[in-house]
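K.L.:
build the 3D model from these lines:
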Amino acid sequence: MYKWIALVLLMQLQNSACATVRVEKNILYITDGVGGVGIDDAKKITEDQAFQSVDRVIISSGGGRMLAAIIIANWIHDKKLDVEIQKFCVSSCANYIFPAGRKKTIADGALLIWHGGAFQSNFVTTVNGYEKSFVAQELSSYPDKNTFFASKDSTHYQNLKIEQSLETSFYRKIGVNPGLPTVGQRAGANLPPWTLSIEDMEKLFITDIQYPVGYGTDEYLKKWLARTNAPTPVRLLKNWVNE
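P.N.:
Residues are numbered from 1 along each chain as shown. Below you'll find the model as predicted:
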């Protein structure tokens, strides 16, 4: 089911096994190495028979490759697995892997952090720019569409289009608001990485969440920042999502 996505990724990415992945008593543990979750990790998890009997995923992740996370998230959703976050779940982990879970648990002391996705403003600007450029230059710079897509300049555009298509399909599949990854970038805001209150996650249709006492409060965030010595600030968004 996931092999065609993996094939696309393998053509684009190199040296992308970055996480420690193991199974113990039907629990899949994913812990990041340098660079986050990679495509080789996704292939191992979704294709290796040793991983097919799991019923729960416990993850601590700083993110990683967007498309690799989407592959794993689709697999989690299809198998109806529970997901538990330990320590932190950042970027593609928060965008895709956490909301894919049947039941979702935020362990005491853990935090979800977002900072954008396939439709964040700079990516949208890049895609629109390439498409406008192609229309304007089609006759003078590229003899035909195939020549454009074979050109070195189009690689980033092609990757973004793939990511946007897969992200759109994923959120439609799991029933979560596709605006999740860019909540903190809307309404002209230029925010640092952010975390969301439980109420705002539920407004985005992320449901069945178990969470520690105090999660989504300023005090909880301050304790997490002090304990982890995070290199960048994280902002808590409360009542940010409209009904």
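K.L.:
excluding chain neighbours, what is closest to the residue nearest the centre of the chain?
P.N.:
In the chain, the residue lying closest to the centroid (Cα atoms, centre = their mean) is Ser92, at 2.1 Å. Distances taken as Cβ to Cβ, 6 or more residues apart in numbering put Ala69 closest to Ser92, at 3.6 Å, once the chain neighbours are dropped. Glycine gets a C-beta too; all of them are placed from N, C-alpha and C.
K.L.:
isn't the one you found up against Ile97?
P.N.:
Yes: with contacts counted by Cβ atoms under 8 Å, Ala69 reaches Ile97, the gap being 5.7 Å.
K.L.:
now do the same contact list for the residue nearest to Ser92.
P.N.:
Applying Cβ atoms under 8 Å, 6 or more residues apart in numbering, we find Ala69 in contact with Val37, Ala42, Gly63, Ser92, Cys93, Asn95, Tyr96, Ile97.
K.L.:
tell me the contacts of the last one?
P.N.:
Same thing as Ile97. By Cβ under 8 Å, 6+ apart, the contact set of Ile97 is Val57, Ile59, Ser61, Ala69, Ile72, Ala73, Ile76, Val83, Cys89.
K.L.:
who wins on neighbours among the contacts of Ala69?
P.N.:
Neighbour counts for the contacts of Ala69 (other Cβ atoms under 10 Å) peak at Val37, which has 32 neighbours.
K.L.:
Three-state assignment for Ala69, please.
P.N.:
helix (DSSP: H, G, I helix; E, B strand; the rest coil).
K.L.:
tell me the secondary structure for Ala118?
P.N.:
Here Ala118 is recorded as coil under three-state DSSP.
K.L.:
burial count for it?
P.N.:
Ala118 sits with 26 neighbouring residues when counted by other Cβ under 10 Å.
K.L.:
over to Val54?
P.N.:
Residues lying near Val54 (other Cβ under 10 Å) number 20.
K.L.:
hang on, it in a strand?
P.N.:
No: read with three-state DSSP, Val54 is coil and lies in no strand.
K.L.:
state the distance from it to Ile39.
P.N.:
20 Å (Cβ to Cβ, to the nearest Å).
K.L.:
same deal with Ala118?
P.N.:
Distance from Ala118 to Ile39, counting by Cβ to Cβ: 16 Å.
K.L.:
for the top helix by length along the chain, the distance to its chain's centre please.
P.N.:
Across the chain, the longest stretch assigned as helix under DSSP state H is helix 155-174. A distance of 11 Å separates the centroid of the chain from that of helix 155-174, by Cα atoms, centre = their mean, to the nearest Å.
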